[in-house]
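Novice: Pasting a predicted model and its sequence here:
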Amino acid sequence: MPWRRMKFKKGKVWVHVDREDKPILVDGSAEFRYKLDDNRTYNTATKYLEPLGGSSVKAPKSEAPVESRATAKRDAPPLDNSCGSITVYTDGACSGNPGPGGLGVVMIWGEHRKEFASYLGPKSTNNIAELSAIYYALKQIKNRAIPIEIHTDSSYSLGLLAKGWKAKANAELVADIRDLMGKFAKISFIKVAGHAGIPENERADVLARMAVERRIDGEVKEN
């Protein structure tokens, strides 16, 4: 999604907006940055934002990793980065909000690649689908000593799982994900721009929509 220049208090900021140039709200707040290339984000009520002239611009296609704040438990293995990291792209889709939902996952480790799609049922939401995609991906990984890089276009998921936001909704699901994350040696999150032509992110979106349309669950082995 693009970012738009807006007035905030006595200065100017970049605000995360949808395709209609309206601020994207998370728990009622809009996400903004002081500098477009700085991946630090902040939140405010829309009443403090004023539109400015000019067109919207896209965020950088990829950003610096944000390490998870999840605390490793005693059964978390020591880090093993001798074989590189596992790269994961996740996405969620929902036909209506709420409505039938699905998730898509692309996992890459060296020359190995796996793709997954899973139907979430008739009463999902966009946020549940995004979170569930990350949870599903982590459950597929057996060797938890290998460092994991999760790419997501969901600011909501990133905030809850990497930045320590308090879960005001979906608390049980968030708690389950955090508990699982604590059993990994290292997890980093990378925010990507949605629908910006990033192949693996686009593929995860296709898989999520495929899950909704076909009601499937499991590894997908097709082009």
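Specialist: Cool, got the structure.
Novice: where along the chain do the strands fall?
Specialist: Chain-ordered strands for the chain, with DSSP state E as the definition, fall at 2-8, 11-16, 25-26, 29-33, 42-44, 49-51, 57-58, 66-67, 86-94, 99-109, 112-124, 148-152, 187-191, 217-219.
Novice: Ok, which of these comes nearest residue 170?
Specialist: Checking the strands of the chain against residue 170 by CB to CB gives strand 112-124 as the closest, at 10.7 Å. (Each C-beta comes from the backbone N, C-alpha and C, glycine too.)
Novice: Serialize the strands of the chain to TSV and add fields for mean pLDDT and mean neighbour count.
Specialist: What follows is the strands of the chain, written out as TSV (pLDDT from 0 to 100; neighbours: other CB atoms under 10 Å):
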stretch	mean pLDDT	mean neighbour count
strand 2-8	85	18
strand 11-16	87	19
strand 25-26	70	16
strand 29-33	82	20
strand 42-44	83	15
strand 49-51	89	14
strand 57-58	64	12
strand 66-67	67	15
strand 86-94	95	26
strand 99-109	96	24
strand 112-124	95	18
strand 148-152	94	23
strand 187-191	91	22
strand 217-219	95	12
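Novice: Isn't residue 121 up against residue 99?
Specialist: No. The criterion here is CB atoms under 8 Å, and residue 121 misses it with residue 99 at 10.0 Å.
Novice: any chance of the strands of the chain in CSV, plus distance to residue 175?
Specialist: Conversion of the strands of the chain to CSV gives the following (distance: least, CB to CB, whole Å):
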stretch, distance to residue 175
strand 2-8, 31
strand 11-16, 26
strand 25-26, 18
strand 29-33, 22
strand 42-44, 22
strand 49-51, 32
strand 57-58, 33
strand 66-67, 20
strand 86-94, 18
strand 99-109, 18
strand 112-124, 18
strand 148-152, 18
strand 187-191, 16
strand 217-219, 23
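Novice: With respect to residue 210, which of those strands lies nearest?
Specialist: If you check each of the strands of the chain against residue 210 by CB to CB, strand 112-124 wins as the nearest, at 5.1 Å.
Novice: partners of the closest one, with directions?
Specialist: Counting by DSSP bridges, the strands paired with strand 112-124 are strand 99-109 (antiparallel), strand 217-219 (antiparallel).
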